[in-house]
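J.: Curious how this folds, go ahead:
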Amino acid sequence: MQRIIASDNASQLNVTTNPGHPDVPGTPHNGSGGDGAPVRPVARREATQAHIRAIDGLRALAILGVILYHMRPQLASGGFLGVTVFFVISGFLITRGMLGLLDARRFSYPRFMDRRARRIWPPVLTTIAFAAVIVYTWAPSLLLKLRADAVPSALFYSNWSYIFRHVSYFDAAGLPSPLTHLWYTSLIMQFYLLWPLLFALIARVVRRTWARACTIAVLIAISTADMAMLYAPGRDTSRIYYGLDTRAAELLVGALLAVLVHRTSGDGDGLALPAAWRAWSRDVHVGARTVTVRAHTVVDCCAFVCAAAIVISMFTVDASSAWMYHGGFLLYAALTALMVWAGMHGGAFRRAMGVKALAYLSSRSFSLYLVHYPLILVMNPATRATTPWWMVLGQFAIILIVGEVFHQTIEALRGAPWLPWLKRTHDNPQRTQRPGAFIGAVTGVVIIIVMMLPLPWRTLMHDRAVALRPELGMTAEQAKHELDAMRKQQMSSPPPKPLQTAPTPTAKPEPPKPKVDALKAPDNLDPARWHCDNAAGTCDARMLIIGDSVTEGVAPVLTQHFPNAHVDGAVSRQFGAGVDMLTQFLTSEDPQVIIFALGTNGPPTQQAVDEVIRLANGRPLYFLTTRAPVAWIEQTNQMFLDAAHAHGNVGVIDWSGLSGAHPEYLYDDGTHPNELGAQAYAQMILRAVCPQ
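T.: A predicted model of the protein is given here:
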């Protein structure tokens, strides 16, 4: 939304810019100023427009990566790099705007913050209201998480709230807060508060461009070193990922680029291509043909390589990789800065980044960012094991539609065009917001105040959840009767008729051997060593069951079915900690069957699995397949199956398959069994040790 006023000199333009939030992933920002006032002349209209196009394309790629990461983290494991792209663009635009205002001696910090608060606060407050409505309506189990994050998100300190509460961005499985993604707006607003003051001081003390650039480079080095020092393998990275001090390097890379490309009367064209380099060309012989390679072609090729590297990394990079915290984020920030710089010089890269589809996504990227995460949580309950491709496409379409409505009613200014490449419907010199922004902000404030009241929120959440899923309100006795009724109904179904074969006179009929029900049973499992009462549903085998919070939750039911079992579960227990507990228990116990039910809270290593098998020392050992909405589950379950095929005394009980076929067995977090699931869990283990 740029208004260009041509001067008599065709080589110069006065650019009046949108005062909105150009440095969050949304409103297109087409110039340098940050407050709507005319700023310094900018040489070459084409260069200015190319710069805008490059940023539009990068914003679009970034928001697609972020949405895909939240929808399918197993597929787009590096989609979080889209946030790095946003950071670089934010740092570049805010610093570029400040440079223009400082040159004109018109920078005002209070006015600067006032404009950003007016543009960012209403959409954020509306997002909180929107999330509260859809969560209470369709996913009430998320209500307590939303209530805890509403005030920190509204006051822009949610990133530090997550740090102090040890809430991990990458491990927030099951029931994450629908406002988790607002850590980004919190960090950006904190950058807005601090960077203008610091940069204004730098600009006053340091006059030369190279000296300013060196100062910012030192700050980048300090932030990167801070990230590297705080990183420890195997430990939670939330402090690093959410912290302004550790993520400042990515923002400052954009600021450094803005300083380097800034043009003043004394500094020439900054990082613009020198005239001699712009005129450079070379003939390259390719077979019988001669191809002329020009300077802008080389720049375009470099930009496309950078873009390809980031896109490929969005599907291959892992957030747990140590190298990401030892310069990886800085590397991708530098690649983004190179693309922004390359887009300022025209050519194929500028045209590719300026296609209408990318321009559209860029103009809606802030709205899409705000609404996509709560929508994804509501549309993808953790109890669902898989989502077909057609449903994924439908969900993406819903996100686009809701994002468009949000943009038109909340984010866009009065007179803004319906599409980013159309003309404004009418001039809006005051750049006032639409009524929807005020209504949404007031609604958000009211909802936040209500959520702060000491009401019985847990009861309200439970009652709404039971209204949507009646099985969540069952008692243990009701769940047992319900499961028995379901099994009787299944058993009453007529079995398939066997094939008719002629009797063999010499063959002696053998009585069928009783079989246990497991994905794979240990070869040395001997049910004759213990007594099973299938009618009562009990087994007196000496069993050792080690697990995590899932095991802890079903322990009362397990002890009813297995009175001689030693059940040991603990919240957040890692696989390695379970190995230590197994070592401890086997020094004083001699179980007839070992059941190892871990792997939900972190992926096990092959060495840890082998150690469990070694400690079993030939005893019948069952691994339970795990069920949780986390990325490593499929790999973990396959590791258990491979171990069972390689060792005769190892078996596998398929809790993942059973709960996947019966989502009604789980609470809304997609991990822990409810009362109905606890009965099914215990009976599943009973069938694995007692012939049916």
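J.: What is the burial count for Val205?
T.: For Val205, the count of nearby residues is 10 (other Cβ atoms under 10 Å). (C-beta placed from N, C-alpha, C; glycine too.)
J.: now swap in Val450 and tell me
T.: Neighbour count of Val450, defined by other Cβ under 10 Å: 12.
J.: next one: Ile89
T.: 29.
J.: quick one: what helix or strand has it in it?
T.: For Ile89, the host element (DSSP states H and E) is helix 81-103.
J.: same thing with Ala129?
T.: Here Ala129 is assigned to helix 109-138, by DSSP H and E.
J.: Report all helices and strands that the helix holding Ile89 contacts.
T.: Judged by 3 or more Cβ pairs under 8 Å, 6 or more residues apart in numbering; DSSP states H and E, helix 81-103 is in contact with helix 45-71, helix 183-205, helix 244-261, helix 295-316, helix 328-343.
J.: The same query, at a cut-off of 6 Å, please.
T.: Contacts defined by 3 or more Cβ pairs under 6 Å, 6 or more residues apart in numbering; DSSP states H and E place helix 81-103 against helix 45-71, helix 244-261, helix 328-343.
J.: CA atoms only for that helix, dumped as PDB, please.
T.: Taking C-alpha atoms only, helix 81-103 is exported to PDB below (Å, rounded to 0.1, in the frame of the first residue of the first chain):
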ATOM      1  CA  LEU A  81      12.700 -21.700   9.600                       C
ATOM      2  CA  GLY A  82       9.900 -19.500   8.300                       C
ATOM      3  CA  VAL A  83      10.100 -17.600  11.600                       C
ATOM      4  CA  THR A  84      13.800 -16.900  10.800                       C
ATOM      5  CA  VAL A  85      12.800 -15.400   7.500                       C
ATOM      6  CA  PHE A  86      10.200 -13.200   9.200                       C
ATOM      7  CA  PHE A  87      12.800 -12.100  11.700                       C
ATOM      8  CA  VAL A  88      15.200 -11.000   9.000                       C
ATOM      9  CA  ILE A  89      12.500  -9.100   7.100                       C
ATOM     10  CA  SER A  90      11.400  -7.500  10.400                       C
ATOM     11  CA  GLY A  91      14.800  -6.300  11.300                       C
ATOM     12  CA  PHE A  92      15.500  -5.000   7.800                       C
ATOM     13  CA  LEU A  93      12.300  -3.000   7.500                       C
ATOM     14  CA  ILE A  94      12.200  -1.500  10.900                       C
ATOM     15  CA  THR A  95      15.900  -0.400  10.600                       C
ATOM     16  CA  ARG A  96      15.400   0.800   7.000                       C
ATOM     17  CA  GLY A  97      12.400   2.900   8.100                       C
ATOM     18  CA  MET A  98      14.300   4.400  11.000                       C
ATOM     19  CA  LEU A  99      17.300   5.300   8.800                       C
ATOM     20  CA  GLY A 100      15.000   7.400   6.600                       C
ATOM     21  CA  LEU A 101      13.400   9.100   9.600                       C
ATOM     22  CA  LEU A 102      16.800   9.700  11.300                       C
ATOM     23  CA  ASP A 103      18.100  11.300   8.100                       C
END
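J.: and it, how far out from the chain's middle?
T.: 23 Å (Cα atoms, centre = their mean, to the nearest Å).
J.: avg pLDDT for it?
T.: Helix 81-103 shows a mean pLDDT of 95.
J.: cool, stretch 117-133 as well?
T.: Mean predicted lDDT for stretch 117-133 stands at 97.
J.: and if you look at stretch 362-381?
T.: 96.
J.: Ok, stretch 473-483 next?
T.: 85.
J.: Can you tell me what sits against that stretch?
T.: 466, 675-676, 679-680 (Cβ atoms under 6 Å, 6 or more residues apart in numbering).
J.: again, but for stretch 137-153
T.: 128, 131, 135-136, 158, 161, 175, 177-179, 182, 378, 448, 451, 461, 464-465, 668.
J.: Check the separation of the first and last residues in stretch 590-601.
T.: 27 Å (Cα to Cα, to the nearest Å).
J.: for it, which positions count as buried?
T.: By 16 or more other Cβ atoms under 10 Å, the buried positions in stretch 590-601 come out as 591-601.
J.: now do stretch 187-206
T.: In stretch 187-206, counting by 16+ other Cβ under 10 Å, buried: 187-192, 195-196, 199-200, 202-203, 206.
J.: what's in contact with that stretch?
T.: Residues contacting stretch 187-206 (Cβ under 6 Å, 6+ apart): 24, 98, 102, 109, 112, 116, 156, 159, 212, 215, 244, 251.
J.: can I assume Ile545 sits in a helix?
T.: No - Ile545: not assigned to a helix; according to DSSP: H, G, I helix; E, B strand; the rest coil it is strand.
J.: Most neighbours of all the contacts of stretch 473-483, which one?
T.: Of the contacts of stretch 473-483, with other Cβ under 10 Å as the count, Gln679 tops at 27 neighbours.
J.: helix/strand/coil for that one?
T.: Classified using three-state DSSP, Gln679 is helix.
J.: for it, what are its contacts?
T.: By Cβ under 6 Å, 6+ apart, the neighbours of Gln679 are 479-480, 483.
J.: Tyr622 too?
T.: Per Cβ under 6 Å, 6+ apart, neighbours of Tyr622: 595, 651, 653.
J.: 8 Å instead, please
T.: When contacts are counted by Cβ atoms under 8 Å, 6 or more residues apart in numbering, Tyr622 touches 518, 522, 593-596, 650-653, 685, 688.
J.: how about low-confidence regions in the stretch 401-550 of the chain?
T.: 424, 426-431, 490-514 (pLDDT under 70).
J.: what's the most distant pair in the buried residues of stretch 590-601?
T.: Greatest spacing in the buried residues of stretch 590-601, by Cβ to Cβ: Gln592 and Asn601 (27.5 Å).
J.: quick one: low-confidence ranges for the stretch 201-350 of the chain?
T.: 264-288, 290-295, 346.
J.: one more time with 90, if that's ok
T.: Low-confidence segments of the stretch 201-350 of the chain (pLDDT under 90): 207, 233-238, 261-300, 319-320, 342-348, 350.
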